[in-house]
Structures are given as C-alpha cells and as structure tokens.
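Enquirer: dropping a prediction and its sequence here:
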Number of protein chains: 2
Amino acid sequence: MDVAILGGTGKEGSGLALRWARAGHRILIGSRDRERARTRARELAAHLDGAAIAGLTNEEAARAGEVVVVAVPHAGHRALLEGLRDPLRGKVVLDTVVPLDFGAPRLYAPPPEGSAAEEAQAVLGPEARVVAALHQIAAHELKALDHPLDADAPLCGDDPEAKRVAAGLIESLGVRALDAGPLAMASVLEGLTALLVRLNRRYKVKGAGLRITGLEAGSGR
Amino acid sequence: MDVAILGGTGKEGSGLALRWARAGHRILIGSRDRERARTRARELAAHLDGAAIAGLTNEEAARAGEVVVVAVPHAGHRALLEGLRDPLRGKVVLDTVVPLDFGAPRLYAPPPEGSAAEEAQAVLGPEARVVAALHQIAAHELKALDHPLDADAPLCGDDPEAKRVAAGLIESLGVRALDAGPLAMASVLEGLTALLVRLNRRYKVKGAGLRITGLEAGSGR
C-alpha cells in the first residue's frame, strides 16, 4: 500500500515509516520542506536495505498516498489540514495526533471539537474518512525494530470501510487493532496517552503501553 | 479497615463489599434506606461465612467509615455528596463513579467540573481527600469471587497519603493499583470505562479489562 506520512520527518512519523516499510508498504514521507523529507527518507531507507521510502512535500504526499497518516505536533495540526482539504477528499486519513499540554495537571488538552481527530474531520469536511488511532505507541518503541510492540491499538471512526483499511495497516505493525466505535470516542483514545505519560513519569520508565484483556470469545461471563 | 460503601446496595457496591469483606475489612453498606442496606448486608454476609457487613444510611456509613467509597449512579452523585460535606470532612473518599450517557456517541458525559471525581472534590470542599479509581472493574467480575480480577487499577488524587491508603485498599481486591497522578487525571480514568463498554459491545464480551505493560524496572528502553 502507498502510505503517506504527514510530518514523517518527526520521531513518531519516522518510527511508523520504518515499521511499515519493513512490512512491505511504500512510504511517502511528507514535510513542509521537500529537501528535508528527501534527506529523512534516505536516512530511513539506509536502515532497511531496499525499502521504498520517498520524500515529498506534505501536499504531494497527501495527493499520492492511498492512506494518509497525520503525525504532526498538535500545534501545527489545524493549519496543516486546512491546506489539504482538496488532496484529502475521499482519502482514509489516519490521525495519530494527541494534544498535550505538559504544563497543565490535566495534560490532555483537546481543541474545541473535542479531540484532534474530530478537529481533523471538521476541518477536512465529511468527504475525508478520518480514523483515529496509534496515539499510545511511543516513537522509541517504533524505532526499536528488533523489539515486538507490546501493546493493543484501539481505533475509532465513522466510516466502517476506512476503519477496516486502517486496521489492516495498523496490524502490519505487529499490534492488535481494536474497533472502539465512532469518531466521537477519539477523546478517550487520545486521553489514554496522557495516562501513559503519567505512568512513565511516576514509574520512571519510557514504555508504558496499553493491553485490553477479556476480549477472547467466551472470556466474558 | 472500616470501609463505608455509599450506594452499597447497587451491583458495583455489592461486588466491592464482597471482595473487601473476604479480604478481612469491615464493611458498612450505605443506602438512602437503612432497611434496604440491612437486608443487602445480610444477603452479602450469607455468601461469606462470618463476614463483617453492616447496613446503615449513607450518612451513618459516611461518618463511621475510615475510607468512604462512592458507588452510586452518576445521576445521584452530586445530591448525595451535597448532604455529606460534614461527615466526609478529612476522610479518604474513593470515588468510583463514571458519568455515562448510553444514548450519546461519546458515551462519556462528564459534569462541568470535568469528571465525577472533580465534581466530588468541588462539592465536598478541599478538606475531603478525594481519590478516583476502580471505574473499569465490572460488577459481575467483582461478584465472581472464585475468579481472580484480570485488570490493573489506575488511581489519581491530590493527597499523596490518601492515595497510599486507597492503593492498599484497592490491592486487597487482588489488582495492581497504579498512581496516575493528580485528580485532574480523573476524566481520563473515567473515560476509559467508555472504551471498555464499546469493546464489550463490539466484541460481544462482558469483561474487557485494562492492563498496563512496560512498567517493570528496566522494561523501558
């Protein structure tokens, strides 16, 4: 699959690029600066012999990708998407962004729409098929390619087919995708990242992750 | 420990009562109706030979308990606590309440304070030592006494000593208590219940639970 990663030069986007390239997808790293995207694409491809990783502007990547992953800091989220309404029409948009305010006790600081993913849907309009997921998987975990990811990946969205496509892409990272319902659930999924940040701080670790138990058939009583 | 459970005649409160009584705590079941509390206390004690379970009004239970657990439906949460400001002064108040609206896509429907636990703190004033926890453990799981609970229990609050007391009580249920930071984190913990409700529906189970991975020393990279 051709996977565009907007903000693909960042840590989270680069980690996703590595894992997905290894799984056999063609990766289009997007950045505001095409040269920066190309440099990062070359660096990432050097890690994985023969991996198909190209560098483009965010707009070029958004046009070319079959699935478009949003992995920018929340500060630039709205402005980025406002410029991409046309290229993202009809696309599966996998939004991984978590609005965090590290100076606030609550940490999770969603925009007025209720979550970053609902902000994306509001900005892009109803024709974009927004799915929210992958908020809880840390960049350094993604980067450690020899290490399997020990986490589940809940996702939510309003378009069942888009969720099916996103779930397949997510599972190619080696994690279990879990359907958590409509896009209105995104604030819960994004907020979970604040919990993991708190636990990482409190227990002096870097890799707190989420697992859901009790989903196997017959496990409920 | 003398543990008061406000709303102890309900499913969640009764399940907690059984598990804590078995762990050796003295349980004070609170209800608006003292006779109802006594009847439920007798029923629960009959499950556990010789367990110390008494039935009282919510106010009597709030006065007598060393720790006071709030396990009422959110619809009655604010009104209950408004009547208990005096008995709960200085007490460790363990709030387990989750405001859910089953008719709304978002499911989680917090009050203006941001969460049920912050509502409790606002109503009770700064002298009550509110801790939020146990939102995600289902009543039918608690009731199945022969079945170990397969879940972690994040908690949050602004009083470190109250969190220590609550963590001990929570761990006597046989789950791992995890310190998730200040009370401002309560909306994330309460919201997690909405995720588990969604997963129970989607995967046709009853016992979706939360586990946190990667907290062991040296597990983070």
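Expert: On my side now, so go ahead. Residues are numbered from 1 along each chain as shown, chains lettered A, B, ... in the order given.
Enquirer: pull the contacting residues for the residue sitting nearest the centre point of chain A.
Expert: By C-alpha atoms, centre = their mean, the mean C-alpha position of chain A lies nearest to residue A:96, the distance being 3.1 Å. Counting by C-beta atoms under 8 Å, 6 or more residues apart in numbering or on different chains, residue A:96 makes contact with A:12, A:16, A:69, A:70, A:71, A:132, A:133, A:134, A:135. In short, each C-beta sits where N, CA and C put it, glycine included.
Enquirer: how much space between it and residue B:117?
Expert: Residue A:96 is 28 Å from residue B:117, where distance means C-beta to C-beta, to the nearest Å.
Enquirer: before we move on, what about residue A:92?
Expert: Distance from residue A:92 to residue B:117, counting by C-beta to C-beta: 37 Å.
Enquirer: what do you get for residue A:144?
Expert: For residue A:144 relative to residue B:117 (C-beta to C-beta), the value is 36 Å.
Enquirer: one more: residue A:18?
Expert: 40 Å.
Enquirer: and the two? Which one has more around it.
Expert: More neighbours surround residue B:117 than the other of residue A:18 and residue B:117, with 33 against 21 (other C-beta atoms under 10 Å in any protein chain shown).
Enquirer: and the pLDDT for that one?
Expert: Here the pLDDT value assigned to residue B:117 is 98.
Enquirer: in what helix or strand does it lie?
Expert: Residue B:117 is part of helix B:116-124 when elements are defined by DSSP states H and E.
Enquirer: same question, residue A:20
Expert: Assigned by DSSP H and E, residue A:20 falls within helix A:11-22.
Enquirer: for that helix, buried residues please.
Expert: Buried residues in helix A:11-22, counting neighbours by 16 or more other C-beta atoms under 10 Å in any protein chain shown, are found at A:12, A:13, A:14, A:15, A:16, A:17, A:18, A:19, A:20, A:21, A:22.
Enquirer: who are the contact partners of the second one?
Expert: Contacts here follow C-beta under 8 Å, 6+ apart; on that basis residue A:13 touches A:5, A:6, A:7, A:29, A:69, A:71, A:72.
Enquirer: can I get the residues you listed in a markdown table with pLDDT, secondary structure and neighbour count?
Expert: A markdown table is the format used below for the contacts of residue A:13 (pLDDT from 0 to 100; DSSP: H, G, I helix; E, B strand; the rest coil; neighbours: other C-beta atoms under 10 Å in any protein chain shown):
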| residue | pLDDT | secondary structure | neighbour count |
| --- | --- | --- | --- |
| A:5 | 98 | strand | 32 |
| A:6 | 98 | strand | 34 |
| A:7 | 96 | coil | 26 |
| A:29 | 98 | strand | 32 |
| A:69 | 98 | strand | 30 |
| A:71 | 97 | coil | 24 |
| A:72 | 97 | coil | 26 |
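Enquirer: out of the residues you listed, who's nearest residue B:61?
Expert: For these, the residue nearest residue B:61 by C-beta to C-beta is residue A:71; the value is 50.4 Å.
Enquirer: how about the lowest-mean-pLDDT helix or strand in chain A against chain B, any contact?
Expert: Least confident helix or strand of chain A, by mean pLDDT, DSSP states H and E, is helix A:139-143 with a mean of 90. Yes. Helix A:139-143 reaches chain B (C-beta under 8 Å from any C-beta of the partner chain) through A:140, A:141.
Enquirer: could you find the closest non-adjacent residue to residue A:145?
Expert: Spatial nearest neighbour of residue A:145, excluding adjacent residues (C-beta to C-beta, 6 or more residues apart in numbering or on different chains): residue A:18 at 6.1 Å.
Enquirer: sorry, wrong one. I was asking about residue A:57.
Expert: Closest residue to residue A:57 apart from its sequence neighbours, by C-beta to C-beta, 6+ apart: residue A:34 at 4.9 Å.
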